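pasting the structure only:
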């Protein structure tokens, strides 16, 4: 649950059924803004059209304020013992009515979920589906945790005796979708890994009472994440927290093996069916439709302000590589560039459905034995030492944008052979809108490497 779980969508307020205020708030995932419509009406008769209606705002874009991840107590200088003392309540034995009043003052009841009602764990308070050999800490009797098979998704139920219920607190490091999610009951915070600074300690609070702190290190060459997770329960803004639970303390978790072929977010997606359905519901402008399309297909989560032009007319591969001297015009809305080192192919793909261009790329770093590839911020990195040569490799962004490539090493020379194809597919059960061959059995040269390199970290 976020602000929009309570406030977004269609809402209406009436005063004596005469004065009516309608509003709609749309929360854009891609743009850092809300789309707001506000309509006011005066209606003197129930079964006739309103006498007067006007728009104060109509699909007006309003910027989002920076989100505060550490929302403090709703009651200033809150202290549980002071709260019970002022009401002559036994702090160790709150009645149902006392609890309701406390939940109301703390403003937490609307966030309650049922995640911990039927939790089952082993006697040691851990239920682990992770097959890796790791050492998990002993948890207090009030805490039960579940480690999922990805090994980077931890969900805990923490019993808080004074509040007479258990609360769900979790962290999910989704390496395959490049997303980090932390949550307390229904309150969620999602962050793309591309915007998280590795090793940064961060905290997420539910109104000061429930807190989850986390830290993630990316051990790239070991193919692991190093995780730390701390849960806290605090009943006072003036005193230390009453429960401090170390769930993970610098525990190394193997990275999950990923299938980089993201499927369609909407099953059996059809662009034309989706468009008809949206327009039947509301008279959207073209720009509004694009905003909804980018959000609902979830591709907006991975889009960035790239160097690609919004539009271009010449669909070509420009090359500074002497190995690639003659390139035919490309058979689709793609412009690509092959650098002078012959080691990377960087493309801009224009899509008329969303009226913008996306960056699609492959970069071969033969000096560090690494290959990088991706679509916008949906990127992967793989060691060439364990790369499957000659196999076709695929990266799909939301099922819609697809990168296919093959790479063959020629051990007897200083070259690679590469084939590369880009597709745009807005229909799940139909042919792709475009299938564009960028390279087909072309030669790329390996870089000349300086093998007298210093340590990665100076002064080590």
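On my side now, so go ahead. All figures in this text were calculated on a predicted structure; none of them were measured in a lab.

Please enumerate the helices of the stretch 51-200 of the chain.
Remark: helices assigned in the stretch 51-200 of the chain by DSSP state H, counting those that start in this stretch are 80-86, 96-106.

how about a markdown table for those helices, with mean neighbour count and distance to residue 278 added?
C-beta here means a position set from N, CA and C on the backbone, and glycine is covered the same way. Supplementary listing: the helices of the stretch 51-200 of the chain in a markdown table, determined by neighbours: other CB atoms under 10 Å; distance: least, CB to CB, whole Å:
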| stretch | mean neighbour count | distance to residue 278 |
| --- | --- | --- |
| helix 80-86 | 14 | 49 |
| helix 96-106 | 14 | 39 |
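
Please name whichever of those is nearest to residue 281.
Proximity to residue 281 (CB to CB) singles out helix 96-106 among the helices of the stretch 51-200 of the chain, at 36.2 Å.

residue ranges of the strands in the stretch 251-400 of the chain, please?
317-319, 334-338, 344-351, 356-365, 370-375, 378-383, 392-397 (DSSP state E, counting those that start in this stretch).

for the first one, which positions count as buried?
If I follow you right, that is strand 317-319. Neighbour counts over strand 317-319 (16 or more other CB atoms under 10 Å) mark 317, 319 as buried.

likewise the last one?
Of the residues in strand 392-397, those scored as buried under the neighbour-count criterion (16+ other CB under 10 Å) are 393, 395-397.

Output the contacting helices and strands for it.
strand 370-375, strand 378-383, strand 401-410 (3 or more CB pairs under 8 Å, 6 or more residues apart in numbering; DSSP states H and E).

looking at those, which is buried most?
Of all those, strand 370-375 has the most neighbours on average by mean count of other CB atoms under 10 Å, namely a mean of 20.

Could you check the angle it makes with strand 392-397?
When axes from the mean of the first three to the mean of the last three CA atoms, to 10 degrees is applied, the directions of strand 370-375 and strand 392-397 differ by 40 degrees.

who touches strand 370-375?
Residues from elsewhere that reach strand 370-375 (CB atoms under 8 Å, 6 or more residues apart in numbering): 302, 358-365, 379-384, 387, 393, 395, 397, 401, 403, 405, 407.

related to what we said a few turns ago, if we only consider the buried residues of strand 392-397, which is nearest to residue 351?
Closest to residue 351, out of all of those and judged by CB to CB, is residue 397, at 11.3 Å.

re earlier: turn the helices of the stretch 51-200 of the chain into a markdown table, columns for distance to residue 199.
Output for those, formatted as a markdown table (distance: least, CB to CB, whole Å):
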| stretch | distance to residue 199 |
| --- | --- |
| helix 80-86 | 35 |
| helix 96-106 | 33 |
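
Now render the ones you listed as TSV, adding mean pLDDT.
Listed next are the helices of the stretch 51-200 of the chain as TSV, based on pLDDT from 0 to 100:
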stretch	mean pLDDT
helix 80-86	92
helix 96-106	92
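
so where is the stretch 201-350 of the chain shaky, pLDDT-wise?
306-307, 310-313, 323-328 (pLDDT under 70).
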